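> The sequence and its predicted three-dimensional model are supplied below.
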Amino acid sequence: MKKFFSLLVLLVVSFMFVGCGPKEKEVVDDVLYPEDRAWTMLEAKHESPIEITMWIPNSATSSMGAAIGELANLYNSYQAVTYPGKNISVVVEYQGTSGALNTKLQAAILANNNPVISAVGVSSVPLYEAKAVDLRNVFTYDEIKGLNQGLLQYSLYNGKFMLNPYFPSASNILVANKTLVESKGFTLPNPQDIINSPEESTWTWAEFKRIVKGITTIDSGNDENSVYGFASGSVDPIGMMFQQGGKLYNDTVTDIEFDKNDKIKTGLEFWRSLVTEKAMRNPSSRANHNTIITSEFYSGKVGIIYTTSSNLITMTKKANEGNFKIEVLPFPKQERFFTNQGGSGIIILDNKPKAEQEAAADFMRWLTQPTQVAYMCAQTGYLPVNPKATNEPALSNVYQEYPVMKTVSNYMIFGIRSPQGKAKAAVDSKVNTYAKQIWSEPDKSIDDIVTELIAEARYEIEANK
């Protein structure tokens, strides 16, 4: 009878495929999943109780600290009920700041007394290459492809998938006083149109400059009464290169790329022109400029501000109080849009016992489920690593109250895998500092600034190999 039933099942399955034709082979991202590699999933055995420690920056009372602490408590309760006597428990330890965590974690790894799982800043990923578990042993290809791809900018380093971008706190964006812009006769692009048809979008550098120049009204007698179309506290060398279809460095940040064409010059000329053509106030012209421009945006003296998405809840509240509407937009393109990821992610370290690594993998997978991601984002305003979280009540309610938060998360489709290397943090800092000479030294030629940028960037790369 069993043989007959097995044969019947085989026949049924065979007929299911008759007439269907050959199945197309799934196209797999060979960067995420090289064909010559095999992955063994880390699975918790639940043979005995096990306790693991997780380090995160911030304090227990910060929004991130409180949220991850509560999630750890929920996970521990779930484990105790589901696997009584054989459960995993997570202890969260707070390290104060990302810098303090980095210093302590690197020392702990050398002493072999580090935690098995830890948050690290996105710019610190290369520091842990030698000890990080490849997370393709934690998540399947389909699971990784189901994540917000724009948040994977810093996850891959030297072919290793190291970082789960669980705490992506912010992305740089433009926030516009839509009411002020429209009162001057201009129309902002519709965010959904940019998201749906980026190639067709007319939201370009030229259109942006046209609008911000048109908004500007200068009071020559008292500049404090002037209205400027745009305000920023910094230039964005990384963004301005990607927006032109270029980049600053090679993929491993062992060499620069911006010396090979004029895109860096074009970008710096554009940012300087925003000041020289009176579209924005010179950021070097006064102390506390960054703080002041936020207040000026709220009071209607700035039309569009370049800021971080972590400010959006406050900005929405201030707009409601001031009776004006805001809109969020990506920085305009020359060739393509670009959104950056900031914040932290989670790594698992491989110098701990396999049982601890398996427990850490189980906890990481649980954290990445939509319900947990929705809770984290609702509590902190962070960007969701799992897009399905936007359908969870905890987050959809927040997005209903603060719709610009959802718009920003949708802009992460414009995220691009970032160059990663040990020199990145140092060379980024140097490039940003020297690029500001377009404002601090207005008589200095762009050619001279670029020459210095090239020399300083090469020096930092060589010094940090």
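Looks like it arrived, so ask away. Numbering: from 1, shown residues only.
> Please name the bridge partners of Val175.
Going by DSSP bridges, Val175 is paired in beta bridges with Ile305, Val328.
> tell me the pLDDT at it?
Val175 is assigned 98 on the pLDDT scale.
> Neighbours of it, how many?
Residues lying near Val175 (other C-beta atoms under 10 Å) number 25. For glycine as for every other residue, the C-beta is placed from the backbone atoms N, C-alpha and C.
> I figured it hits Thr307, correct?
Yes. Contact criterion C-beta atoms under 8 Å: Val175 and Thr307 qualify, at 5.7 Å.
> Spell out which residues are contacts of both of those two.
The contact sets of Val175 and Thr307 overlap at Met315 (C-beta atoms under 8 Å, 6 or more residues apart in numbering).
> do you know how far Glu335 is from Ser201?
For Glu335, the distance to Ser201 (C-beta to C-beta, to the nearest Å) stands at 12 Å.
> which one of the two has more residues nearby?
Under the neighbour definition other C-beta under 10 Å, Glu335 and Ser201 were set side by side, and Ser201 has more, 18 against 13.
> OK, contacts around the more buried one?
Contact analysis of Ser201 by C-beta under 8 Å, 6+ apart lists Pro189, Asp193, Ile194, Lys333, Phe337.
> Restricted to helices, list the residues you listed.
Here DSSP state H is the test, and the contacts of Ser201 give Asp193, Ile194 as lying in helices.
> farthest-separated two in the contacts of Ser201?
The two members of the contacts of Ser201 with the most space between them (C-beta to C-beta) are Asp193 and Lys333, at 13.3 Å.
> Compare neighbour counts for the two and give me the winner.
Higher neighbour count among Asp193 and Lys333: Lys333, with 23 against 13, using other C-beta under 10 Å.
> and the nearest residue to Leu163 once chain neighbours are set aside, helix, strand or coil?
In space, and not counting its chain neighbours, Leu163 is closest to Gly345: 3.9 Å by C-beta to C-beta, 6 or more residues apart in numbering. Assigned by DSSP: H, G, I helix; E, B strand; the rest coil, the conformation of Gly345 is strand.
> Next: Thr252.
Relying on three-state DSSP, one would call Thr252 coil.
> From Glu129, how far out is it?
11 Å.
> what does Ile438 give?
Per C-beta to C-beta, Ile438 is found 35 Å from Glu129.
> And Leu274, by the same measure?
Separation of Leu274 from Glu129 (C-beta to C-beta) stands at 39 Å.
> just Arg272 next, same as before
Look at Arg272 and Glu129: by C-beta to C-beta, they are 38 Å apart.
> Which one's more surrounded, these two?
In terms of neighbours (other C-beta under 10 Å), Arg272 is the more surrounded of Arg272 and Glu129; the figures are 20 against 15.
> show me the contacts for the residue nearest to the spatial centre of the chain.
Central residue of the chain (C-alpha atoms, centre = their mean): Gln341, 1.7 Å from the mean position. Gln341 sits next to Val122, Gly150, Leu151, Gln153, Tyr154, Pro165, Pro168, Ser171, Leu383, Met412, Gly415, Ser418 when contact means C-beta under 8 Å, 6+ apart.
> Between all of the residues you listed, which two are at the greatest distance?
It's Leu383 and Ser418 that sit farthest apart of those, by C-beta to C-beta, at 15.2 Å.
> who's more crowded, the two?
Using other C-beta under 10 Å, the more surrounded residue of Leu383 and Ser418 is Leu383, with 28 against 23.
> Phi and psi next, for that one.
Dihedral pair for Leu383: phi -90, psi 140, per degrees, to the nearest 10.
> these two touch, right, it and Phe167?
No. When contacts are counted by C-beta under 8 Å, Leu383 is not listed as touching Phe167 (9.3 Å).
> Find residues that contact each of those two.
Here Leu383 and Phe167 have Gly343 as joint contacts, going by C-beta under 8 Å, 6+ apart.
> The closest residue to His289 other than its chain neighbours: what's it in contact with?
Leaving aside its sequence neighbours, His289 sits nearest to Pro283 (C-beta to C-beta, 6+ apart; 4.9 Å). Listed by C-beta under 8 Å, 6+ apart, the contact partners of Pro283 are Ser232, Gly233, Ser234, His289, Asn290, Lys436, Trp439.
> Over to Asn114?
Residues in contact with Asn114 (C-beta under 8 Å, 6+ apart) are Leu105, Ala108, Leu349, Asn351, Lys352.
> How about Val450?
Residues near Val450 by C-beta under 8 Å, 6+ apart: Ile264, Lys265, Leu268.
> from those, which is closest to Phe363?
Using C-beta to C-beta, those come closest to Phe363 at Ile264, 43.1 Å.
> Next, work out how far apart that closest one and Ala111 are.
When Ile264 is compared with Ala111 (using C-beta to C-beta), they lie 43 Å apart.
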